[in-house]
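> Sequence first, predicted model second:
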Amino acid sequence: MTRHTPPTDPGPRLPSTHDPSELLAETRLSLCEPPSDCLILAGEGLPGVLPLLTRSPLRDLLATGGGDRLEEHLELLRRRGVEQVRALVVVGDGYQAVLESVSGDVLRRAGAAVRAAAAAGECQLLTVSAAANGAAWELLPLRGSGREEAVEVLPVGPLREFSDTRAAAAAVLRGRPIGHEGPPAAMLEGIGRSLRLPVPDLGSRADPGALFSAARGALEHLRRGDDPAAEAEWMTECEPIAALLSALAVDRLQWELLAQCVEHGGAGAIDRESLLQVLVSDPRWTPHADVCAGGSWYSALGELRLVAAAASDHTPRAERATARSAWRALTSLLVLLAWWNHRFATAGGLIDELRDREPDSTLAPLLSRMTDTPIRPAWWPSR
């Protein structure tokens, strides 16, 4: 079962109540995106053990063997000092309308799987609740059924909007980032359609970090709405983005940009040849906030990936190979950064996109080994 274990901030605070609205809001703040179709586990433990939030896709939980994988996940939390867990099943984003027959079946199956997995382990399951169809629910053992795994779904009340939760209000008061608002997808696709990509230079000595900085600046210009009126000015504005995508089509420069993301905010340099080996063995290498989900670098890489996808579909045929290579490079970068952030589910979703877009790619199976096994980074969010 792939899952997210988002980094905790210096003063992590999980809601002591089992209110699904608050837990859903706190998860959104920790993940820097609204959670959907997932199982959220909120765990607390002994004094000195920081609270943990994890998110796992419902499709993994409800698939064959999902219960066994959840038991392994709970055991991992227990080994990290987590003694008590609250579970929240989210159907859709919790608010969108879903057929009641579908949502009811999902809630009963998921609730039964969670309770069975908890009973098989040593983690104390405090509550099992749900968010579906704009309402909060409790998933309780079905009394008198004679079956331990049987669950009844009981309504609690309406699910409060994110802006109406205490978690959101506290985040504003503490200056905690609520999320990155980048350019709309239509704007990014428009950039991709208008790009003219230089031919990749395999011997280039360009600094991909400097190119990335210039591309972020161009995106920020567009984000503020400073779109040039003249076509010539628009093309000039897009040149730094085109230069970066062309550079990322070169494997060596892609790897160099990853190394610079790893080094960002740190005091030293990491060996390029053994970068991944270092990340799985040395816990001193921890991600800077900029390269965590919601951070400026991480978000910019995601935006540039949308640009590259549009360019691979709409640029002149001679340039599409460059755009596809850039998209593949940006996807790989985000997979590795998500993996480094213990966001295995996000990494797995990106790998699925890579498989769908390039079914003959040999890269996807290699990357999936890191998330499905999973091979874990040496650092842990609670440190």
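Structure's in. What do you need? Residues are numbered from 1 along each chain as shown.
> Residue ranges in the stretch 51-200 of the chain under the pLDDT threshold?
By pLDDT under 70, the weakly predicted segments of the stretch 51-200 of the chain are 144-149, 175-183.
> for it, what spans make up the strands?
Per DSSP state E, counting those that start in this stretch, the stretch 51-200 of the chain has strands spanning 52-57, 82-90, 124-132, 135-141, 151-158. These are given in chain order.
> Repeat that for the stretch 251-383 of the chain.
Secondary structure of the stretch 251-383 of the chain (DSSP E, counting those that start in this stretch): no strands present.
> all helices for the stretch 151-300 of the chain, in order.
Along the stretch 151-300 of the chain, the stretches classed as helices by DSSP state H, counting those that start in this stretch are 166-174, 185-194, 208-223, 231-248, 251-263, 275-279, 296-314.
> Residue 200 touches residue 251, doesn't it?
No - here residue 200 does not reach residue 251: they are 10.1 Å apart, not a contact under Cβ atoms under 8 Å. (Each C-beta comes from the backbone N, C-alpha and C, glycine too.)
> Which one's more surrounded, those two?
More neighbours sit around residue 200 than around the other of residue 200 and residue 251, counting by other Cβ atoms under 10 Å; the figures are 17 against 13.
> Next up, the contacts around the nearest residue to the more buried one once chain neighbours are set aside.
Counting by Cβ to Cβ, 6 or more residues apart in numbering, residue 249 is the residue found nearest to residue 200 once chain neighbours are left out, at 4.1 Å. Shown in contact with residue 249 (Cβ atoms under 8 Å, 6 or more residues apart in numbering): 200, 322, 325, 326, 329.
> do you know how far residue 249 is from residue 239?
Residue 249 sits at a distance of 16 Å from residue 239 (criterion: Cβ to Cβ, to the nearest Å).
> how about residue 39, phi and psi?
Dihedral angles phi and psi of residue 39 (degrees, to the nearest 10) take the values phi -110, psi 120.
> how close does the closest residue to it other than its chain neighbours sit to residue 34?
Excluding its sequence neighbours, the residue lying closest to residue 39 (Cβ to Cβ, 6+ apart) is residue 56, at 4.9 Å. As judged by Cβ to Cβ, residue 56 and residue 34 stand 16 Å apart.
> between the two, who's got more neighbours?
Using other Cβ under 10 Å as the criterion, residue 56 and residue 34 rank with residue 56 on top: 21 against 16.
> Can you verify my assumption that the more buried one contacts residue 73?
Yes - A contact is recorded between residue 56 and residue 73 when judged using Cβ under 8 Å, the distance being 6.7 Å.
> Tell me how many other residues crowd residue 359.
Residue 359 has 8 neighbouring residues, counting by other Cβ under 10 Å.
> Now do the buried residues in stretch 161-176.
Neighbour counts over stretch 161-176 (16 or more other Cβ atoms under 10 Å) mark 162, 165, 167, 168, 171 as buried.
> now do stretch 105-123
Going by neighbour count (16+ other Cβ under 10 Å), the buried part of stretch 105-123 is 106-115, 117-118, 121, 123.
> can you give me how far stretch 57-74 is from the chain middle?
When distances are taken as Cα atoms, centre = their mean, to the nearest Å, stretch 57-74 is centred 18 Å away from the chain's centroid.
> sorry, that was for stretch 315-329
Averaged over its C-alpha atoms, stretch 315-329 has a centre that lies 25 Å from its chain's centre (Cα atoms, centre = their mean).
> which other residues reach it?
Among residues not part of stretch 315-329, those counted as contacts by Cβ under 8 Å, 6+ apart are 192-193, 195-200, 244-246, 248-249, 251, 254, 305, 308-309, 311-313, 354, 357-358, 361, 363.
> I'd like the buried residues of stretch 161-176 as TSV, with distance to residue 277 appended.
Rendered in TSV, the data for the buried residues of stretch 161-176 read as follows (distance: Cβ to Cβ, whole Å):
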residue	distance to residue 277
162	40
165	42
167	38
168	41
171	37
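> Of those, which is the nearest to residue 97?
residue 162 (17.5 Å; Cβ to Cβ).
> any idea how far the closest one is from residue 351?
Separation of residue 162 from residue 351 (Cβ to Cβ): 29 Å.
> list the contacts for residue 157?
The contact partners of residue 157, taken as Cβ under 8 Å, 6+ apart, are 135, 136.
> Quick check: the gap between it and residue 51.
In this view, residue 157 and residue 51 are 25 Å apart by Cβ to Cβ.
> hmm, back to that, can you say which of the strands of the stretch 51-200 of the chain is nearest to residue 296?
Of all those, strand 52-57 sits nearest to residue 296, with 22.3 Å by Cβ to Cβ.
> what helices or strands is that closest one leaning on?
Helices and strands in packing contact with strand 52-57 are listed as helix 20-31, strand 38-45, helix 66-79, helix 344-357; criterion 3 or more Cβ pairs under 8 Å, 6 or more residues apart in numbering; DSSP states H and E.
> any chance of the ones you listed in JSON lines, with distance to residue 210 too?
Conversion of those to JSON lines gives the following (distance: least, Cβ to Cβ, whole Å):
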{"stretch": "helix 20-31", "distance to residue 210": "31"}
{"stretch": "strand 38-45", "distance to residue 210": "38"}
{"stretch": "helix 66-79", "distance to residue 210": "40"}
{"stretch": "helix 344-357", "distance to residue 210": "25"}
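> could these be laid out in TSV, adding distance to residue 371 and mean neighbour count?
TSV is the format used below for those (distance: least, Cβ to Cβ, whole Å; neighbours: other Cβ atoms under 10 Å):
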stretch	distance to residue 371	mean neighbour count
helix 20-31	17	25
strand 38-45	16	24
helix 66-79	13	18
helix 344-357	5	20
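> closest one to residue 135 among the ones you listed?
Shortest separation from residue 135 across the helices and strands packed on strand 52-57 is recorded for helix 20-31, at 9.0 Å, computed as Cβ to Cβ.
> now for that closest one, which elements pack on it?
Using 3+ Cβ pairs under 8 Å, 6+ apart as the contact criterion, the secondary-structure elements in contact with helix 20-31 are strand 38-45, strand 52-57, strand 82-90, strand 124-132, strand 135-141, helix 166-174.
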